[in-house]
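*Asks:* no letters, just coordinates:
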Ligand SMILES: Cc1cc2nc3c(=O)[nH]c(=O)nc-3n(C[C@H](O)[C@H](O)[C@H](O)COP(=O)(O)O)c2cc1C
């Protein structure tokens, strides 16, 4: 019997597959379906910081959240459709329907009164809170240090408003990546999700327009998780979940081998439905039994930077070997 259980954010998960925050986790019905199909935990679809602020300000007085143009229209629309009470109800009802950790999620980028909303998430019965933190470093007015300080300030102010375990979901946009991630892990947080994936721009050559690029990830995108989780997992002071490009059980194993405690998946659930969770578990079990492993603990972090014989492979970024040709 293979033991797929793992610990993440202080929770005992029966397996490391977590449904990532997305449209796959925005109703009780979907959460229950993921549970029935054997998911280890769920992260509910995110609320937006702007949404909370708009409700606090009774929809649209003059504040920074009203200066988005089209984005503001979208936020108003989204707010009407997914109001905050519905979100709290989603937490409450999910908790009555499933027996796995239910983690609420907030997309945020600045400090504001919205942080007090963490109390209501806790009161609604969520087991944890994931902060999807992203400050786009696109404004020259702010230095990298100032931008990074915002992340720490948000974490500290949320911490003052709840005792729930907190996870931070981050992007790859940090100048001193390892240093920032390791320092952040020493805040009072329990988990770090590496990495989020965003709407990114593409160019429609026919229309000569900027359009959104593909919403779903590709398996190749997982190599970023492998690099960074492998490089920092021996040094962080919190659990790690890998996210982006994890499609099957073999991908889960790779991320556990470099030091992740768990993984978060969205694309593969959209493409293959919740049934994919079982397929992934079977793939993990079959690899582990072939290799003679009986529990995930035996392989977790086995290939982290500190443990591998050739750490250079993590650190080498330039294609020196392939400069001549790709054969
Ligand atoms: C349609 C869609 C909606 C998403 N919505 C959210 C969200 O509300 N909050 C969040 O933190 N991440 C959101 N994500 C990102 C996912 O949680 C996940 O981190 C990302 O898609 C990478 O995982 P994947 O490669 O398995 O898709 C969304 C992803 C997709 C595809």
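*Replies:* Arrived safely. Only a predicted model underlies this, so the values are computations on that prediction, with no experimental measurement involved.
*Asks:* what does the protein put close to the ligand?
*Replies:* Proximity of the chain to the ligand, by Cβ under 6 Å from any ligand atom, involves residues 20-23, 45-46, 105, 107, 132, 169, 196-197, 215-217, 243-246, 264-268. Glycine gets a C-beta too; all of them are placed from N, C-alpha and C.
*Asks:* pull out the buried residues from those.
*Replies:* The neighbour-count test (16 or more other Cβ atoms under 10 Å) marks 20-22, 45-46, 105, 107, 132, 169, 196-197, 217, 243-246, 264-268 as buried among those.
*Asks:* is the closest residue in space to residue 99 that isn't next to it in sequence in a helix, a strand, or coil?
*Replies:* Setting aside the residues directly before and after it, residue 99 is nearest to residue 35 in space (Cβ to Cβ, 6 or more residues apart in numbering), at 7.3 Å. Going by DSSP: H, G, I helix; E, B strand; the rest coil, the secondary structure assigned to residue 35 is helix.
*Asks:* list the contacts for residue 35?
*Replies:* 42, 97-100 (Cβ atoms under 8 Å, 6 or more residues apart in numbering).
*Asks:* end-to-end on stretch 248-267?
*Replies:* One end of stretch 248-267 to the other measures 11 Å (Cα to Cα, to the nearest Å).
*Asks:* now do the buried residues in that stretch.
*Replies:* With burial defined by 16+ other Cβ under 10 Å, the residues of stretch 248-267 counted as buried are 248-249, 251-267.
*Asks:* again with stretch 273-280
*Replies:* Neighbour counts using 16+ other Cβ under 10 Å place 274, 276-277, 280 of stretch 273-280 among the buried residues.
*Asks:* now swap in stretch 169-179 and tell me
*Replies:* Neighbour-count burial for stretch 169-179 [16+ other Cβ under 10 Å]: 169-171, 174, 177.
*Asks:* adding pLDDT and secondary structure, write the residues you listed out as JSON lines.
*Replies:* Rendered in JSON lines, the data for the buried residues of stretch 169-179 read as follows (pLDDT from 0 to 100; DSSP: H, G, I helix; E, B strand; the rest coil):
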{"residue": "169", "pLDDT": "98", "secondary structure": "strand"}
{"residue": "170", "pLDDT": "97", "secondary structure": "strand"}
{"residue": "171", "pLDDT": "95", "secondary structure": "coil"}
{"residue": "174", "pLDDT": "92", "secondary structure": "coil"}
{"residue": "177", "pLDDT": "93", "secondary structure": "helix"}
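*Asks:* go through those residues and name the one nearest residue 207.
*Replies:* Ranked by distance to residue 207 (Cβ to Cβ), the buried residues of stretch 169-179 are led by residue 171 at 28.3 Å.
*Asks:* so who does the closest one touch?
*Replies:* With contacts taken as Cβ under 8 Å, 6+ apart, residue 171 has the following neighbours: 134, 195-196, 198.
*Asks:* quick one, helices of the chain?
*Replies:* Listed in chain order, the helices of the chain (DSSP state H) span 28-36, 49-56, 70-81, 84-97, 117-123, 144-161, 177-185, 223-232, 249-257, 267-272, 276-291, 312-315.
*Asks:* what's the angle from the fourth one to helix 28-36?
*Replies:* The one in question is helix 84-97. 30 degrees (axes from the mean of the first three to the mean of the last three Cα atoms, to 10 degrees).
*Asks:* how far does helix 84-97 sit from its chain's centre?
*Replies:* With Cα atoms, centre = their mean, to the nearest Å as the basis, helix 84-97 stands 20 Å off its chain's centre.
*Asks:* show residues contacting that helix.
*Replies:* When contacts are taken as Cβ under 8 Å, 6+ apart, the neighbours of helix 84-97 outside the stretch itself are 26-28, 31-32, 35, 42, 44, 47, 51-52, 55, 102, 104, 117, 120-121, 124-127.
*Asks:* that concludes my questions; thank you for your assistance.
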